[in-house]
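# Quick one: sequence and predicted model below, then my questions.
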Amino acid sequence: MSADYQKDGQIAVITLNNPPVNGLGLATRRAVVEGLNQANADADITAIIITGAGKAFSGGADITEFGTERATQEPHLLSVIRAVELSGKPVVAAIHSVCMGGGLELALGCHYRVVAPGTAVALPEVKLGLLPGAGGTQRLPRLLGLETALNIIVSGETVQSEMLAAIPGQKLFDLVAASAESLREEAGAFALKIAAQRPLPLVRDLPCKHPQAEAYLQFARNMVKGMSKNFPAPAKCVDAVAASVKGKFDAGMQTERELFTQLMFTPESRALRHLFMAERAASKIADVPSDTPVREIRSVGVIGAGTMGGGIAMNFLNAGIPVTILETKQEALDRGQATIRKNYEAQVKKGKLKQEKYEERMALLTPTLSYDDLKHADLIIEAVFEELGVKEAVFKQLDAVAKPGAILASNTSTLDVDKIAAFTQRPQDVVGMHFFSPANVMKLLEVVRGKQTPKDVLATVMKLAKKIKKTAVVSGVCDGFIGNRMIEQYSRQAGFLLDEGATPQQVDKAIEKFGFAMGPFRMGDLAGNDIGWAIRKRRAVEQPGMKYSATADKLCELGRYGQKTGAGWYDYEAGKRDAIPSELVNKMIEQHRKDQGITPRKISDEEIVQRLVFSLVNEGAHILEDGIAGKSGDIDMVYLTGYGFPIHRGGPMHYAGEVGLVNVVQAMNRFAQNPHDDAAFWQPAPLLARLAAEGKSFS
């Protein structure tokens, strides 16, 4: 049973009991209906309470049933709510802690609602590309009014129960309990008080009115259209809520059901549901049990106070963890501290951070020029120049001063973590923690697992990632790990497209229209084109057969490293980030084509997008096959949270499944015939070829 039934005098208490958030799975739904039947058949019972065990009333649907038959098996949630409404004895929802999604819809179906202060209330379905599908769009407006209900439904954001209880004329809560501890007792007293009252009040019978409903709904549609162009769900939410004002309850429910079903089959909803599941799955490592002991991280050391080091430090300061930041020169240390102050002061100025919080965070920061000051740190992260010799010097010093059991982490983006670990006498304490710039903003953290990285270190870093609000994805050791190994192929294709006839602005415009936050050439200018230049020089020694367009090297030879030098693939005006097409660069590309004897051709936006995206997919398939990534969803999380891949497309591996792997392979076979491309790269990875042949997808 996933719901407990108890008699307390004249009251029957049905307690949802499906940890961690009392998801409304099939067993729970059945148990609620059975409890209602039992209570109604018992002559001693005069009222019924539905509440939740542990730290939630209910968080809504049981995510373990997503995509399975159990999710829609009877009694589905609509049937459970109808059983509540038809109960011959009053049903009181005793709501606490978390009341979201289907959990809130269940509460809306009860005759009365008693709430504990501090309860988080939400209908977050829009974040999965859906709308509330069990009456939420019809009942909530009847209780809170059109405007408040629509805001909650369209945003999907959480609102505290106290805010809702304070709305004049609200009918959502019949009573606000004094505390969470007294909720059960107060709900019981309330249930006894109303036990004899008839008829039993039903939300469905309440009117839903607004003095200027049409005008407000049109205003809402205009707002939604401007803010969610790639997502159909917010506009459909408005349409569903509009039905609550325009007609009878049952007609509104039918509209809600039709719109919900439409959204369920949109690629955008499939992408968002995939993202939801992949984000949760990323924190689970196949061979690292959830109860693996972790090391305590009470203080952190960061080596390097530059842009990356300062950003890394801020993550821990934000979480209340003391940081000692080390530099080799006082000037660099002062500059790093000043940047951290400036970042926090900007937040204070915008009202995003209180002055006292800012001061608390800065008080946790200790600057130093001495490695000795790191001897008490539980975790030390280096963020120094991306060169193996520099890393070696740092890790040898860390090995000498760090206390036993301290975790030593490298922020390397491409280098071999096993080689770095071998610079120490304690390789079992070394791990990669690859933050993305700006590190205090970007959500992604690649956790690189070396050959000797133990399970407790991995478990510690994954737990810590949650504390500093990062999405952590585990990668094995290879050149570039998951993200940068794939982006190299993407960047190579961008270069070949220039050779063949495209311009940087055409390539960027095509992929940005597809939904990327930034095209490859604007991204290169932002990150610094010299970074890629250094990697290509290393490749020339390690993999001399690797083919690249020479245009990127020619650009760097001109000193055009990007925004930091005021010129890259684009020109930039001082103090501005606007990318201005460069006549000089376009002429350089044209001359390069002449030198190579290449006659430029017209390249379609479709070809640009396919070559860029499918290059990610093919390399991603190799990464899965090599065991560098544990699952395709991990690759999607890397690209959605670290590389600006469009969220509404669900990540490269999910998108390939939407296109159809057979179609991806056929396109790759076409690209392999192109004499100016790299035919060997376009041979489908064996995993990709096999899945395509079997009619399957990566998930």
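Looks like it arrived, so ask away. Worth saying up front: this structure is predicted, and the values here are computed from it rather than measured.
# Okay, now the unreliable bits of this protein?
1 (pLDDT under 70).
# Show me it divided up by domain.
3-264, 300-475, 483-693 (automatic domain parsing).
# Next, format those domains as CSV and append distance to residue 281 and mean neighbour count.
The C-beta positions use only the backbone N, C-alpha and C, and glycine is treated the same way. Shown next, in CSV, are the domains of the chain (distance: least, CB to CB, whole Å; neighbours: other CB atoms under 10 Å):
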stretch, distance to residue 281, mean neighbour count
domain 3-264, 10, 19
domain 300-475, 10, 19
domain 483-693, 5, 19
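# Output these in a markdown table, with distance to residue 292 appended to each entry.
Converted to a markdown table, these look like this (distance: least, CB to CB, whole Å):
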| stretch | distance to residue 292 |
| --- | --- |
| domain 3-264 | 18 |
| domain 300-475 | 4 |
| domain 483-693 | 16 |
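# Out of the ones you listed, flag the one nearest residue 271.
For those, the distance to residue 271 is smallest for domain 483-693, at 3.1 Å, taking CB to CB.
# quick check, distance from that closest one to the centre of its chain.
Relative to its chain's centre, domain 483-693 lies at 24 Å (CA atoms, centre = their mean, to the nearest Å).
# List the contacts of residue 600.
Applying CB atoms under 8 Å, 6 or more residues apart in numbering to residue 600 gives the contacts 500, 501, 590, 593.
# And the furthest pair within the residues you listed?
Across the contacts of residue 600, the longest distance by CB to CB is 12.3 Å; it joins 500 and 590.
# Show me the strands in the stretch 551-699 of the chain, by range?
570-571, 580-581 (DSSP state E, counting those that start in this stretch).
# Check the stretch 1-150 of the chain too.
Using DSSP E, counting those that start in this stretch, the strands of the stretch 1-150 of the chain run over residues 3-8, 11-16, 47-52, 91-95, 98-100, 112-115, 120-122.
# Give me the angle between the second one and strand 3-8.
Spelled out, that is strand 11-16. 160 degrees (axes from the mean of the first three to the mean of the last three CA atoms, to 10 degrees).
# in its sheet, what does strand 11-16 sit against?
Strand 11-16 pairs in its sheet with strand 3-8 (antiparallel), strand 47-52 (parallel), by DSSP bridges.
# Please apply the same query to the last one.
Under the criterion DSSP bridges, strand 120-122 sits next to strand 98-100 (parallel), strand 159-160 (antiparallel) in its sheet.
# dump the residue contacts of residue 21.
Going by CB under 8 Å, 6+ apart, residue 21 touches 55, 56, 58, 59, 60, 98, 103.
# And the first one, how far from residue 111?
This points to residue 55. To residue 111, residue 55 is 25 Å away according to CB to CB, to the nearest Å.
# coming back round to it: can you flag which of the contacts of residue 21 belong to helices?
Secondary structure defined by DSSP state H assigns residue 103 of those to helices.
# Residue 372 contacts residue 403, correct?
No - using CB atoms under 8 Å, residue 372 makes no contact with residue 403, being 11.7 Å away.
# May I see the strands of the stretch 551-699 of the chain organised as a markdown table, with distance to residue 470 added?
Formatted as a markdown table, those follow (distance: least, CB to CB, whole Å):
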| stretch | distance to residue 470 |
| --- | --- |
| strand 570-571 | 31 |
| strand 580-581 | 34 |
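# Please identify which of those strands is closest to residue 531.
Closest approach to residue 531 among the strands of the stretch 551-699 of the chain (CB to CB): strand 570-571, 16.8 Å.
# one step back: of all pairs in the contacts of residue 21, which one spans the longest distance?
55 and 60 (14.5 Å).
# wait, residue 482 sits on residue 627?
No - in this structure, residue 482 is not within contact of residue 627 by CB under 8 Å, at 11.6 Å.
# OK, contacts around the residue nearest to residue 416 when sequence neighbours are not counted?
In this structure, residue 416 finds its nearest non-sequential neighbour in residue 477, 6.1 Å apart by CB to CB, 6 or more residues apart in numbering. Residue 477 makes contact with 416, 417, 418, 432, 448, 449, 450, 451, 628 under the criterion CB under 8 Å, 6+ apart.
# let's see it at 7 Å
416, 417, 418, 448, 450 (CB atoms under 7 Å, 6 or more residues apart in numbering).
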